[in-house]
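K.L.:
Test case, fold it:
(chains A and B)
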Protein chains: 2
Amino acid sequence: MTGTNSMDRALRARAERVIPGGMYGHQSVRMLPDGYPQFFSRARGAYLWDADDNRYLDFMCGYGPNLFGYGHEAIDRAYVAQMQEGDTMTGPAGVMVRLAEAMVELVSHADWAMFCKNGTDATTMALMIARKHTGRKTVVLAKGAYHGAAPWCTPVKAGVTPEDRANQIFCEYNDVESLEAAVRAAGDDLAAIFAAPIKHDAFVDQMAPTPEYARRARELCDAQGALLVVDDVRAGLRLARDCSWSLVGVKPDLSTWGKAIANGHPLSALLGAEAAREAAAGIYVTGSYWFSAAPMAAALETLSLVRETDYLERTQRLGGLLRQGFDEAAARHGFGLRQTGPAELPLILFEDDPALAKGYAWCVEMLKRGIYLHPWHNMFICAAMTEADIARAVEAANDAFAALKAAGAPEPPVQLAAMRTARA
Amino acid sequence: MTGTNSMDRALRARAERVIPGGMYGHQSVRMLPDGYPQFFSRARGAYLWDADDNRYLDFMCGYGPNLFGYGHEAIDRAYVAQMQEGDTMTGPAGVMVRLAEAMVELVSHADWAMFCKNGTDATTMALMIARKHTGRKTVVLAKGAYHGAAPWCTPVKAGVTPEDRANQIFCEYNDVESLEAAVRAAGDDLAAIFAAPIKHDAFVDQMAPTPEYARRARELCDAQGALLVVDDVRAGLRLARDCSWSLVGVKPDLSTWGKAIANGHPLSALLGAEAAREAAAGIYVTGSYWFSAAPMAAALETLSLVRETDYLERTQRLGGLLRQGFDEAAARHGFGLRQTGPAELPLILFEDDPALAKGYAWCVEMLKRGIYLHPWHNMFICAAMTEADIARAVEAANDAFAALKAAGAPEPPVQLAAMRTARA
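P.N.:
Residues are numbered from 1 along each chain as shown, chains lettered A, B, ... in the order given. Here you go, the predicted model:
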């Protein structure tokens, strides 16, 4: 059982004064159950310590960046070595070329690479390149898919104008007819279809793309001269040693990457096919730290681990064990789980739990037992986890289900409902 | 005299294959004179080494981030120490609160802080907050001012839609009547006036804000209930130990920061006054690495150097010496310079040189002598420079002017003219 939270409370009180709302963005705990720590002090391998030194087996992995374990020695050594030579200089270092070559080598649809800092940078660049390439404006996206937090795509429309959202048409993920209808609605103005590699939307069951849907997206883009974009920021390197849609045999023109590509060091990327190269060279995008060499050196090391280790098969196997163990433990106590998404990118919801009352209560019980889960966002298995870690999580789950059952029907989280409405 | 460039040429040839256009953004040398190196291998203090190991005294300072010297030991030590504890985790570390407190303490108009990665992140957040705060859409900006490279503000409009640029009205910097006319044109829809701290536009003489202009911007915002934003990404910490408009006695509601605040480690920030807090808490913005702790630890160390050293007076004095030395050397050889901007943020143009022919030729002569200057972008003095460095630069300038004179009237750079047209 985890202990006190006095440091966390003290930091929150100070943050309340100097940070709007106390915290912002995806790492604010406002939409998490009470008791979740806001501040962390330490991270190593698969584990996190909060500000009060409570330790957690962390299934959020920094919301994605932690693929090979926090504080990975070889990756961090590469970072520091490059930093000591030169990091943010008046021009890029040679490592930028080596990294572009390595990504083009790894990702089958890619002929070139551009680097940036945020996932949103990469998706925004993809949008601009598609518009420059086609001379058109309309993009088709799947309803509810997250592509970043700029005015054109942030899930909450506060401070966003109607013009920021112009030229967007929405379809349903995996619904070929709805995709076709959206493309028809775009008429002769289709610049791009923006696709999520899997349906990894928050709050709902995850879904793999059907090959029909993915192939139809490719065909429609080809027929219209539009570009197909796969936003692999969250799932990239987690499902395949290639773009995630390689699993359904479809090559996009552009793919966006971030999170895991430098195991937590700040880097994102846009990869593209030959057809989109000229348009990519024609837009003007940049950032103060986009050419910094140290994160690129860390990414090169990360990619060599991607190529040379069994991290992928390992995270898939561990994710499968976790899923099976959670299902068995739930059934033992009379709960039904909806575990969806790839095993290595799991999302866990309860049956008959539309307001997430059970999910919240169970996550709180897991947190008390040192297991950090998320009640409505997909989670991540990292390569630093062991079978013993998974066994610990399953054992904790068994106890947490028992506690949940003993406590009776939990209250639904009121604040969450209000915040979900703000996102709609 | 600097030597070979065979490594640079080899890297460029490889980059041409895997990076669109060979390089992109502000660190592409496409708009610099022939002979400028594209790739660098090393940086230390005030010096840079290119891929062929030619050494330069660097007056670009990474386009701004290098304030205390490349590879600053105490700052980098703070970065690495925090990285080893925990960097990109599932939540922020306590250092985020300490840094927000330090920035609020330092910057007189600020009551709160938000952190992000790109300068563009901060300016886009300022835009969203102003719109959320006022429920209005229109922003007034000065023509030619750079506020980042997203679709709403990038200097090249390729891949940008008319809707991306909706709700913008332009005025002339330091022209009170034109500012008033722009605000009148906004009618009852004014959300914000976006101000550059100084006119630091590329290609033209720099200009400090007149107190009348700055005060009028404040008055107009107050009268309209709009927010005043000072975009201090480039100039912040370089002109004052406070927001740059503290020098003219005007407090904005929002200011944006980046570049120098962590001496090259990836961090930017938005600071705000109490009045804008609620709106800031109401927008949804985020990024994968916005909560990473290591750059924040580096920023805390940078801020303590800002508070406790004479870096500001030192860079101002060195900038003054450079300006005086360059002027004297130019006059000696019959050239007239237009040196504008604050001495610590100098821009150097030649009299009677609209196509930058002399400027380009002189910069090439300086580069050969190991001095890295920029022919049309403001430069930066860093605190790691010494009087001996400045004397070296002045001596090189003397020789470069002599060479320029001996060579006769230089050819104007043709490619540059075409690229400037693309920006218009």
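
K.L.:
Show the secondary-structure elements that the helix or strand containing A:Asp222 is packed against.
P.N.:
If you go by DSSP states H and E, A:Asp222 is part of helix A:211-224. Secondary-structure packing of helix A:211-224 (3 or more Cβ pairs under 8 Å, 6 or more residues apart in numbering or on different chains; DSSP states H and E): helix A:176-186, strand A:190-195, strand A:227-231. Any C-beta I mention is one placed from the backbone N, CA and C, and that applies to glycine too.

K.L.:
Against which helices or strands is the last one packed?
P.N.:
Secondary structure elements in contact with strand A:227-231, counted by 3+ Cβ pairs under 8 Å, 6+ apart, are helix A:119-134, strand A:190-195, helix A:211-224, strand A:254-257.

K.L.:
and the third one, which residues are buried?
P.N.:
Residues of helix A:211-224 classed as buried under the neighbour-count rule (16 or more other Cβ atoms under 10 Å in any protein chain shown) are A:213-218, A:220-221, A:224.

K.L.:
again, but for stretch A:346-364
P.N.:
Buried-residue list, stretch A:346-364, by 16+ other Cβ under 10 Å: A:346-350, A:353, A:356-364.

K.L.:
and of the residues you listed, the nearest to chain B?
P.N.:
Distance ranking of these against chain B, using Cβ to the nearest Cβ, places A:Cys363 first at 13.2 Å.

K.L.:
In which helix or strand does the closest one reside?
P.N.:
If you go by DSSP H and E, A:Cys363 is part of helix A:357-368.

K.L.:
Partner strands of whichever helix or strand comes after that helix and their direction?
P.N.:
As assigned by DSSP H and E, the chain's next helix or strand after helix A:357-368 is strand A:371-372. Sheet partners assigned to strand A:371-372 using DSSP bridges are listed as strand A:55-58 (parallel).

K.L.:
What lies in contact with the partner strand?
P.N.:
Under the criterion Cβ atoms under 8 Å, 6 or more residues apart in numbering or on different chains, residues A:2, A:43, A:46-50, A:66, A:70, A:367, A:370-372, A:385, A:389, A:392-393, B:90 lie in contact with strand A:55-58.

K.L.:
and if you look at stretch A:406-418?
P.N.:
A:30-31, A:33, A:355-358, A:360-361, A:404.

K.L.:
first vs last residue of that stretch, how far apart are they?
P.N.:
Terminal residues of stretch A:406-418 lie 28 Å apart, using Cα to Cα, to the nearest Å.

K.L.:
from the chain's centre, how far out does it sit?
P.N.:
26 Å (Cα atoms, centre = their mean, to the nearest Å).

K.L.:
Averaged pLDDT, stretch A:24-36. What do you get?
P.N.:
Summarised as a single mean, pLDDT over stretch A:24-36 is 96.

K.L.:
Stretch A:86-100 now?
P.N.:
98.

K.L.:
Report pLDDT for A:Gln415.
P.N.:
80.

K.L.:
So which of the contacts of strand A:55-58 are in strands?
P.N.:
A:43, A:47-50, A:371-372 (DSSP state E).

K.L.:
Okay, now the unreliable bits of the stretch 301-424 of chain A?
P.N.:
A:424 (pLDDT under 70).

K.L.:
show me what contacts the closest residue to chain B within it?
P.N.:
Here the stretch 301-424 of chain A gets closest to chain B at one residue, A:Tyr372, 6.6 Å apart by Cβ to the nearest Cβ. By Cβ under 8 Å, 6+ apart, A:Tyr372 lies in contact with A:48, A:56-60, A:366, B:90.

K.L.:
now do A:Tyr24
P.N.:
A:Tyr24 touches B:114, B:280-281, B:283-286, counting by Cβ under 8 Å, 6+ apart.

K.L.:
Take these and lay them out in CSV including distance to chain A.
P.N.:
Listed next are these as CSV, based on distance: Cβ to the nearest Cβ, whole Å:
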residue, distance to chain A
B:Met114, 6
B:Ala280, 4
B:Ala281, 3
B:Ile283, 4
B:Tyr284, 4
B:Val285, 5
B:Thr286, 3
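
K.L.:
Redo the residues you listed as JSON lines? Include distance to A:Met419 and neighbour count.
P.N.:
Shown next, in JSON lines, are these (distance: Cβ to Cβ, whole Å; neighbours: other Cβ atoms under 10 Å in any protein chain shown):
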{"residue": "B:Met114", "distance to A:Met419": "19", "neighbour count": "27"}
{"residue": "B:Ala280", "distance to A:Met419": "17", "neighbour count": "26"}
{"residue": "B:Ala281", "distance to A:Met419": "12", "neighbour count": "20"}
{"residue": "B:Ile283", "distance to A:Met419": "14", "neighbour count": "27"}
{"residue": "B:Tyr284", "distance to A:Met419": "10", "neighbour count": "19"}
{"residue": "B:Val285", "distance to A:Met419": "15", "neighbour count": "27"}
{"residue": "B:Thr286", "distance to A:Met419": "14", "neighbour count": "21"}
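
K.L.:
Check the secondary structure at the closest residue to chain B within the stretch 201-350 of chain A for me.
P.N.:
Closest contact between the stretch 201-350 of chain A and chain B, by Cβ to the nearest Cβ, is at A:Thr286 (2.8 Å). Secondary structure, DSSP: H, G, I helix; E, B strand; the rest coil: A:Thr286 is coil.

K.L.:
List the contacts of the closest residue to it other than its chain neighbours.
P.N.:
With Cβ to Cβ, 6 or more residues apart in numbering or on different chains as the criterion, A:Thr286 has its nearest non-adjacent residue at 2.8 Å, and that residue is B:Gly25. Shown in contact with B:Gly25 (Cβ under 8 Å, 6+ apart): A:284-287, A:290-291, B:149.

K.L.:
Now do A:Trp362 against A:Ile348, distance only.
P.N.:
9 Å (Cβ to Cβ, to the nearest Å).

K.L.:
any shared contact partners between the two?
P.N.:
Contacts common to A:Trp362 and A:Ile348, judged by Cβ under 8 Å, 6+ apart, are A:Pro375.

K.L.:
Close to chain B: what parts of the stretch 151-300 of chain A are there?
P.N.:
Taking Cβ under 8 Å from any Cβ of the partner chain as the measure of proximity, the stretch 151-300 of chain A contacts chain B at A:151-152, A:154-156, A:158-161, A:163-164, A:166-167, A:233, A:258-259, A:264-266, A:268, A:272, A:277-292, A:295.

K.L.:
With A:Arg165 as the reference, measure out to A:Pro155.
P.N.:
Going from A:Pro155 to A:Arg165 by Cβ to Cβ gives 12 Å.

K.L.:
Pick out whichever of these two has more residues nearby.
P.N.:
Per other Cβ atoms under 10 Å in any protein chain shown, whichever of A:Pro155 and A:Arg165 has more neighbours is A:Pro155, with 18 against 14.
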